[in-house]
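Student: here are the coordinates; sequence isn't available:
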């Protein structure tokens, strides 16, 4: 029996011993309650913390053949600690999962603690609302947007308040995340709601200057969606009630209509600039670049980077090489980066597109032989440009550390999970999210760690780099 007292009551955890590590686990801890979110309810007696809480209701991108799963009651976190009574308080790493803001959870089917806890840190993983439940925005007081981000803030506040009881140092919390989780991390760096809740941050393959993280014309798209579902009023209160009363099964399958400002690389949902309503706190407001120019929370150090072949994810939705070549050759503005396509007239798009086409293809028509160069363009447009821009803004205000993941072993499996090997013809790649395989055991992938293998060496190297950043 391993018990810890937190602000809501007593938790009963368990000691876990397996071939990878030994640690103390507390799962399914309620950190808040919707809506808003509100503080979690207290309980009497001892609450078991041996099972995970519900994931948010969702349709998982990586398991598209499965039916939707999860619950609206999903605001739970997990704490994994090497020691609840250490001589010196332990650094904390707070992980925010990715999943395009529409899926994912902090559970150990993907984000197991063994590799990191073994390095002498406490790992916290969280669930937060995703999809329409977490990111739908009408730009109104009832549905301002960013609900999932406010869940993350509530989880950070809970950890700041309670982590000492698990042996953790509340003054040494590093937030880290990948993809949509990395974009979340970067928004926390500038959000007034997140100030003072963490000391360091790691943004892996994503940030607020990647346009896919930003939600454009969110209200217009939500109104079009409601119309498709049979709602025809312009009244905000009626629209709110209509959406509120939709069954969750219908909500999880919503596809927001495309508007002229939406790029094919944009996500279904993202972060919005919130309007001010009375005393309501806003998670984020303003223009991302302008906000970054004004600086991030004082004293926070940042590490950011990307994998070698991030752009492969452009093909994850089923895009074929033939379709890509057809579009690249038919539309000269194809090579204009997303911000140019969104913000500039067609003349500027064509001018920039021609220059980048010449750089990446250097001939009139792209062919299959140009695949690697086209992949480099997708790397730039979807990830690298935004991440480098993010780093440049930050470097004027704080210490910034850059990395690029190029490691390869049998753990590089993301291209296989998304059936991207059809494009590779035997090429070795480091896909978006392949780096996670070296930070987490990823139980669902059933990957063994052979003693002395290249994979084990890479796990040791990467977990050492990440945890050293959190510690020192």
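Tutor: Arrived safely, thanks for sending. The structure displayed is predicted, hence computed values, not measured ones.

Student: next secondary structure after the helix or strand encompassing residue 93?
Tutor: Taking DSSP states H and E as the criterion, residue 93 maps to strand 90-96. Next helix or strand after strand 90-96 toward the C-terminus (DSSP H and E): helix 114-117.

Student: name the residues that touch the helix or strand that that following helix is followed by?
Tutor: Note on helix 114-117: by DSSP H and E, the next helix or strand toward the C-terminus is strand 122-126. Applying Cβ atoms under 8 Å, 6 or more residues apart in numbering, the contact partners of strand 122-126 are 31, 76-82, 90-97, 106-108, 111, 113, 116-117, 151-152, 155, 159, 163, 166-168. In this view, the C-beta of every residue, glycine as well, is placed from N, C-alpha and C.

Student: helices and strands around the next helix or strand after strand 122-126, which ones?
Tutor: Next along the chain after strand 122-126, taking DSSP H and E as the criterion, comes helix 131-135. Helices and strands touching helix 131-135, by 3 or more Cβ pairs under 8 Å, 6 or more residues apart in numbering; DSSP states H and E, are helix 147-162, helix 248-252.

Student: what's the first one packed up against?
Tutor: To tie it back to what came earlier, the one meant is helix 147-162. strand 32-33, strand 76-81, strand 90-96, strand 122-126, helix 131-135, strand 168-178, helix 180-188.

Student: and these as CSV, adding mean pLDDT, mean neighbour count and distance to residue 309?
Tutor: Shown next, in CSV, are these (pLDDT from 0 to 100; neighbours: other Cβ atoms under 10 Å; distance: least, Cβ to Cβ, whole Å):
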stretch, mean pLDDT, mean neighbour count, distance to residue 309
strand 32-33, 92, 18, 37
strand 76-81, 99, 27, 31
strand 90-96, 99, 26, 23
strand 122-126, 99, 29, 26
helix 131-135, 90, 24, 27
strand 168-178, 99, 23, 15
helix 180-188, 98, 28, 17
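
Student: tell me which of these sits nearest to residue 216.
Tutor: Set against residue 216 and scored by Cβ to Cβ, these come closest in helix 131-135, at 12.8 Å.

Student: can you list contacts of the closest one?
Tutor: So helix 131-135 is contacted by 56-59, 72, 101-103, 128-129, 145-148, 151, 215, 243, 248, 251-252, 254, 268-271 (Cβ under 8 Å, 6+ apart).

Student: now which of those would you call buried?
Tutor: With burial judged by 16 or more other Cβ atoms under 10 Å, the buried subset of these is 56-59, 101-103, 128-129, 145-148, 151, 215, 243, 248, 251-252, 254, 268-271.

Student: SS state for residue 202?
Tutor: Of the three states, residue 202 takes strand according to DSSP: H, G, I helix; E, B strand; the rest coil.

Student: leaving out sequence neighbours, find the closest residue to it.
Tutor: If the residues on either side of it in the chain are set aside, residue 202 comes closest to residue 176, at 3.7 Å by Cβ to Cβ, 6 or more residues apart in numbering.

Student: check contacts around that neighbour.
Tutor: Contacts of residue 176 (Cβ under 8 Å, 6+ apart): 93-96, 185, 201-204, 466, 470.

Student: JSON lines for those residues, including distance to residue 358?
Tutor: Below are the contacts of residue 176 laid out as JSON lines (distance: Cβ to Cβ, whole Å):
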{"residue": "93", "distance to residue 358": "44"}
{"residue": "94", "distance to residue 358": "45"}
{"residue": "95", "distance to residue 358": "42"}
{"residue": "96", "distance to residue 358": "39"}
{"residue": "185", "distance to residue 358": "36"}
{"residue": "201", "distance to residue 358": "38"}
{"residue": "202", "distance to residue 358": "36"}
{"residue": "203", "distance to residue 358": "32"}
{"residue": "204", "distance to residue 358": "32"}
{"residue": "466", "distance to residue 358": "39"}
{"residue": "470", "distance to residue 358": "44"}
